[in-house]
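Undergrad: Give the three-dimensional model of this entry:
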Amino acid sequence: MRNILKKTAFFIFLSAFVAVAVAFFYFDRTSFDESDLRLEIIGPEEVSVGEEMEYRVRYRNNSDIRLENVSVIFEYPETSVPLEREEDEIIEGSDNFRKRKELPDINPGQEEIIDFSARAFGEKGDAVEASAWFSYSPQNLSANYEISRSHTGIITEVPLTLEFVSGDSFDGSFPDRVEAGQDFSFGLYIFSDLDYDIGDLGLRATYPSGFEFISSSPEGIEDNEWEIESLGSRNGTGVTVSGILEGEPGDTRGFQAELGVWRRDRFIPIKRVEDRILIPSREFFMDVVVNDDPDYVADPGDDLLYDIYFKNLGEETIENLFLRVDLDTDMIDEERLETMQGMLRGDTIIWNHSSTSQLRRLGPEEEEKVSFMMGIKEDDLGYNPEIRISAEMNQARRTIQTKVNTDLEIMQNFMGEDDPFRSSGPLPLNMNQTSTYTISWEVGSSFNDVEDVEVNAELPEGATIINSDYPEETEFEFDSETGEIIWKLESLERGTGISRSAPKANFQVEFTPDFSVEGDTELISEAVIRGTDTWTDRELEKESGSLLHGDLLGIFEIGIDDEVEEIEFEEENQEEDDEDDPDEDENN
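TA: So this is what the prediction gives:
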């Protein structure tokens, strides 16, 4: 009996042990720990702005269970730009770009690598952090797991230069002092040392209190913001800003600027600079006036007389003054340059006390002036031309920009054999007989854009317009009571009539004179063109000469005393057509 009990107890113990062992084995085979999935991001530790960064996300299943429903979300560094071609897969989050990928199941022991790439942007010293989130479910388990990793690098180099420089040339220094209330200019110069062309750059400036913006070249999308579509490898570009700085003597004013790139409507700063300007005590005053007008706007071919006024505002006499004026010679007719008492040295005029008596002594409250003259070229001025000179004397600086109007053109002519309306009638014109003739208008603008353009002229009594041809986007009107003709154009682009085709209006006039027509009889008055130059903001006006009866006769080589000829283009053309096609004439 005792043996039977021992055997029974051993059997029960053995069964329990086997059950526990099986349960433990099963649990061990079906349980999962997050540490069983190994995940890491391999990327650069140090990067330069514009450098392409390669990120490798490596993962390995160290468990004995297949992982299903696997996906990864890769978050690019905040100031980077993805280089993946599948742009539709890029998710634009609140701060960073992200990319989501669905992955196949991961078998036990399986290791894989996913590559991501981006271009680095940001400022020197910025952290460049990439992150990845893995989501998955172990086989036969309803639980969903998530694991994340990150990688951080540092921007160690920014191979782009941004600096404040002189407004006269990007080679000079930023002005360290400017007199209150005086116009001055400064430049922002950018240079790229990248190995590739970079596009979609943005430049922003922050002006101090007391600064009044006047203009910039090139024009910006705002007074303090510019877009740079493309900058070539190892090339530079810049922006010139003109303005007026107000303040008390001894004040300093800080200017700031930042360069960045636009990526998907996001501005990413990559370079910042700042500089300061001192408003000095006013012990010396200098001003420059062009043609006796502080707001003078020039025309092509103008002569410009520059008067440079200077005054001693201090209590002590100033001796042996020196004046330097730097010229913008690209638009100057050098044969018309008169330095007067000055000496020309390259693109610079110099006055000193030995050659100019006004510079020898300047007592308190005394004022003197020196002058020079130069002429502007009539053509080859480029678009939006501006004559710029810089004067410097006794630590006072003055920069003057003189804008140049466009050369607005109107050409008015009779049309002859090229008449699209095939005019007819007796020539010379006869009293109480009807003749028709066609006039052509052609307009243009050389250097600047012009808006609100209008051309006017008048026909004599007894004349009317019976046909006209003009661009659809323009308006052409004729007042039969007054004889006034008006042609309106919304705008003319710079270069119209030179590098761009010129708009034309042709109109046929029917005229039955009730008087004897002489050679100097006016058949149309002078044509006057008016418009607003968008660069100089000036109203412009120019006229062509009137057209006379003699001018019309000259087109057809007819004299005023010649026998009257009947001009009928249509009949002549028909005769030519009949000669070319005799069979058609027989059929008719």
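
Undergrad: Phi, psi for Pro218 please.
TA: As for Pro218, its main-chain torsions (degrees, to the nearest 10) stand at phi -70, psi 170.

Undergrad: ditto for the one 5 residues further on
TA: The main-chain torsion angles of Asp223 are listed as degrees, to the nearest 10 and equal phi -60, psi -20.

Undergrad: I'd assumed Ile214 was in contact with it.
TA: No: assessed by CB atoms under 8 Å, Asp223 is found out of contact with Ile214, at 9.3 Å. For glycine as for every other residue, the C-beta is placed from the backbone atoms N, C-alpha and C.

Undergrad: quick one, what contacts Arg360?
TA: Neighbouring residues of Arg360 by CB atoms under 8 Å, 6 or more residues apart in numbering: 319-321, 353.

Undergrad: err, Phe267, not the other one
TA: Contacts of Phe267 (CB under 8 Å, 6+ apart): 202, 204, 260-261.

Undergrad: Which secondary structure element is home to it?
TA: strand 266-278 (DSSP states H and E).

Undergrad: now Asp295
TA: Counting by DSSP H and E, Asp295 is part of no helix or strand.

Undergrad: That one and Thr399, how far apart?
TA: 15 Å (CB to CB, to the nearest Å).

Undergrad: Looking at the two now, which is surrounded by more residues?
TA: Using other CB atoms under 10 Å, the more surrounded residue of Asp295 and Thr399 is Thr399, with 22 against 8.

Undergrad: Could you identify the helix or strand that succeeds the helix or strand hosting the more buried one?
TA: Thr399 belongs to strand 396-403 when assigned by DSSP H and E. Once the chain leaves strand 396-403, the next helix or strand it forms, by DSSP H and E, is strand 408-414.

Undergrad: Remind me what that next one packs against, helices and strands.
TA: Counting contacts by 3 or more CB pairs under 8 Å, 6 or more residues apart in numbering; DSSP states H and E, strand 408-414 is packed against strand 435-445, strand 450-458, strand 528-533, strand 538-543, strand 547-548, helix 549-555.

Undergrad: one more time with 10 Å, if that's ok
TA: Other helices and strands packing on strand 408-414, by 3 or more CB pairs under 10 Å, 6 or more residues apart in numbering; DSSP states H and E, are strand 435-445, strand 450-458, strand 484-492, strand 522-524, strand 528-533, strand 538-543, strand 547-548, helix 549-555.

Undergrad: Kindly reformat the ones you listed as JSON lines containing mean pLDDT and distance to Tyr136.
TA: Converted to JSON lines, those look like this (pLDDT from 0 to 100; distance: least, CB to CB, whole Å):
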{"stretch": "strand 435-445", "mean pLDDT": "94", "distance to Tyr136": "68"}
{"stretch": "strand 450-458", "mean pLDDT": "95", "distance to Tyr136": "64"}
{"stretch": "strand 484-492", "mean pLDDT": "95", "distance to Tyr136": "63"}
{"stretch": "strand 522-524", "mean pLDDT": "94", "distance to Tyr136": "87"}
{"stretch": "strand 528-533", "mean pLDDT": "95", "distance to Tyr136": "68"}
{"stretch": "strand 538-543", "mean pLDDT": "94", "distance to Tyr136": "72"}
{"stretch": "strand 547-548", "mean pLDDT": "92", "distance to Tyr136": "88"}
{"stretch": "helix 549-555", "mean pLDDT": "88", "distance to Tyr136": "89"}
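
Undergrad: now, of these, which is deepest in the fold?
TA: strand 435-445 (a mean of 22; mean count of other CB atoms under 10 Å).

Undergrad: Please, which helix or strand holds Ile154?
TA: Counting by DSSP H and E, Ile154 is found in strand 145-157.

Undergrad: Pull up the pairing partners for that strand, direction included.
TA: Strand 145-157 pairs in its sheet with strand 46-48 (parallel), strand 127-138 (antiparallel), by DSSP bridges.

Undergrad: What's the first helix or strand after the first one?
TA: Next in sequence after strand 46-48, counting helices and strands by DSSP H and E, comes strand 52-61.

Undergrad: Hey, what's the angle from that following strand to strand 145-157? Just curious.
TA: Here strand 52-61 points in a direction 160 degrees away from that of strand 145-157 (axes from the mean of the first three to the mean of the last three CA atoms, to 10 degrees).

Undergrad: model confidence over the helix or strand following strand 52-61, on average?
TA: Once the chain leaves strand 52-61, the next helix or strand it forms, by DSSP H and E, is strand 67-75. Averaged over strand 67-75, pLDDT sits at 92.

Undergrad: Tell me which residues of strand 67-75 come out buried.
TA: 67, 70, 72-75 (16 or more other CB atoms under 10 Å).

Undergrad: Switch those residues over to CSV; also include distance to Asp171.
TA: Below are those laid out as CSV (distance: CB to CB, whole Å):
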residue, distance to Asp171
Leu67, 63
Val70, 59
Val72, 52
Ile73, 50
Phe74, 46
Glu75, 44
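
Undergrad: Closest one of those to Val325?
TA: Nearest to Val325, judged by CB to CB, of the buried residues of strand 67-75 is Glu75 at 58.3 Å.

Undergrad: gap between the closest one and Phe134?
TA: Taking CB to CB, one finds Glu75 at 13 Å from Phe134.

Undergrad: per-domain residue ranges of the protein.
TA: 34-157, 160-278, 284-403, 408-573 (automatic domain parsing).

Undergrad: Tell me where the model's unsure across the stretch 201-350 of the chain.
TA: Within the stretch 201-350 of the chain, the ranges that satisfy pLDDT under 70 run 264.

Undergrad: hmm, try it at 50
TA: For the stretch 201-350 of the chain, applying pLDDT under 50 flags no range at all.

Undergrad: And the strands in it?
TA: 211-217, 225-231, 236-245, 252-263, 266-278, 284-290, 303-312, 318-319, 322-327, 332-338, 343-345, 348-352 (DSSP state E, counting those that start in this stretch).

Undergrad: Any chance of JSON lines for those, columns distance to Pro513?
TA: Below are those laid out as JSON lines (distance: least, CB to CB, whole Å):
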{"stretch": "strand 211-217", "distance to Pro513": "54"}
{"stretch": "strand 225-231", "distance to Pro513": "60"}
{"stretch": "strand 236-245", "distance to Pro513": "58"}
{"stretch": "strand 252-263", "distance to Pro513": "66"}
{"stretch": "strand 266-278", "distance to Pro513": "70"}
{"stretch": "strand 284-290", "distance to Pro513": "51"}
{"stretch": "strand 303-312", "distance to Pro513": "45"}
{"stretch": "strand 318-319", "distance to Pro513": "75"}
{"stretch": "strand 322-327", "distance to Pro513": "57"}
{"stretch": "strand 332-338", "distance to Pro513": "47"}
{"stretch": "strand 343-345", "distance to Pro513": "61"}
{"stretch": "strand 348-352", "distance to Pro513": "61"}
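
Undergrad: Could you point out which of these sits nearest Leu523?
TA: That would be strand 303-312 among the strands of the stretch 201-350 of the chain, by CB to CB, at 37.0 Å.

Undergrad: what sits against Thr240?
TA: The contact partners of Thr240, by CB atoms under 10 Å, 6 or more residues apart in numbering, come to 165-170, 185-189, 215-218, 386, 388, 401.

Undergrad: ok, 7 Å please
TA: Contacts for Thr240 (CB atoms under 7 Å, 6 or more residues apart in numbering) come out as 167, 185, 187, 216-217.
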